[in-house]
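Student: just need the structure, nothing else, for what follows:
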Amino acid sequence: MKFDEVILGRRSIRGYKPDPVPRELIEEILALAMRAPSSMNTQPWNFYIVTGEPLERIRAGNTERMLAGVPQSREFRTGPPFAGQHRERQIGIAKQLFAAMGIAREDKEKRQDWVLRGFRQFDAPVCVIITYDRALDGSDDTPFDCGAVTNALVNAAWSRGLGAVINSQGIMQSPVVREHAGIAEDQVIMKAIALGWPDWTFPANSVVSERKPVAEAATFVGFD
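Tutor: I've put the predicted structure just below:
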């Protein structure tokens, strides 16, 4: 694919085929993604790539704790809830997804199942857990750099025919994730990415999120 095709064509994939993803292909994608820029080349990121039985244990543990009402224990700060235009965009994409999936506003069972899909990493065959070195905890540059490598990873995956969705629900029960993924104590869990071959029969995969126009986002200074 050309660069523009990757950027304009990519969308978040929330439904996957069960087919395994070859380790060699994941390594190729990671090598591309790690060309992302980082502050003074610190490269704070690390990756735990989980599949098979360990991933099933994470899915089960996340779901059990969620249904039991165990408070979330995400290791990277969550911040306050979205408000204003950011909340409006959050609601907007939820409406698009629920419409595609045929989930009515009053259908509590289907809405809860949708939430639990996030805790199950959307049933993808692979979960990539992004961590950063604990020695850098508190650095403003580190989360920015991890965001850059995450963006590069999902685009590299798309360029190879794989789908992905960046996911926080999958790592909110961090003790479960840390245990079954074997995450070292010198790492802080930041994000998860569900990864696999897109199931194009899954309705939500047709959803393309909207973007605000350049005119709204950009301020040009000193141009004629």
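Student: so where's the protein shaky on pLDDT?
Tutor: Along the chain, the model assigns pLDDT under 70 to no residue.
Student: for it, what spans make up the helices?
Tutor: 3-9, 23-33, 52-67, 84-101, 108-119, 141-159, 174-181, 214-217 (DSSP state H).
Student: please name the nearest non-neighbouring residue to the one residue sitting closest to the centre of the chain.
Tutor: Geometric centre of the chain, nearest residue: residue 166, 1.1 Å, by C-alpha atoms, centre = their mean. Computed as C-beta to C-beta, 6 or more residues apart in numbering, the closest residue to residue 166 that is not its neighbour in sequence is residue 193, at 5.6 Å. Just so you know, the C-beta spots here come from the backbone N, C-alpha and C atoms, and that holds for glycine as well.
Student: with only the CA atoms kept, save stretch 99-117 in PDB.
Tutor: What follows is stretch 99-117, C-alpha atoms only, in PDB (Å, rounded to 0.1, in the frame of the first residue of the first chain):
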ATOM      1  CA  ALA A  99     -26.200   1.600  15.100                       C
ATOM      2  CA  ALA A 100     -23.900  -0.700  13.000                       C
ATOM      3  CA  MET A 101     -24.300  -3.500  15.600                       C
ATOM      4  CA  GLY A 102     -28.100  -3.000  16.000                       C
ATOM      5  CA  ILE A 103     -27.700  -2.300  19.800                       C
ATOM      6  CA  ALA A 104     -30.700  -0.300  21.000                       C
ATOM      7  CA  ARG A 105     -30.200   2.300  23.700                       C
ATOM      8  CA  GLU A 106     -32.500   0.400  26.100                       C
ATOM      9  CA  ASP A 107     -30.900  -3.000  25.400                       C
ATOM     10  CA  LYS A 108     -28.800  -3.300  28.600                       C
ATOM     11  CA  GLU A 109     -27.700  -6.900  27.800                       C
ATOM     12  CA  LYS A 110     -26.300  -6.100  24.400                       C
ATOM     13  CA  ARG A 111     -24.700  -2.900  25.700                       C
ATOM     14  CA  GLN A 112     -22.900  -4.800  28.500                       C
ATOM     15  CA  ASP A 113     -21.800  -7.500  26.100                       C
ATOM     16  CA  TRP A 114     -20.300  -4.800  24.000                       C
ATOM     17  CA  VAL A 115     -18.300  -3.400  27.000                       C
ATOM     18  CA  LEU A 116     -17.200  -6.900  27.900                       C
ATOM     19  CA  ARG A 117     -15.800  -7.400  24.300                       C
END
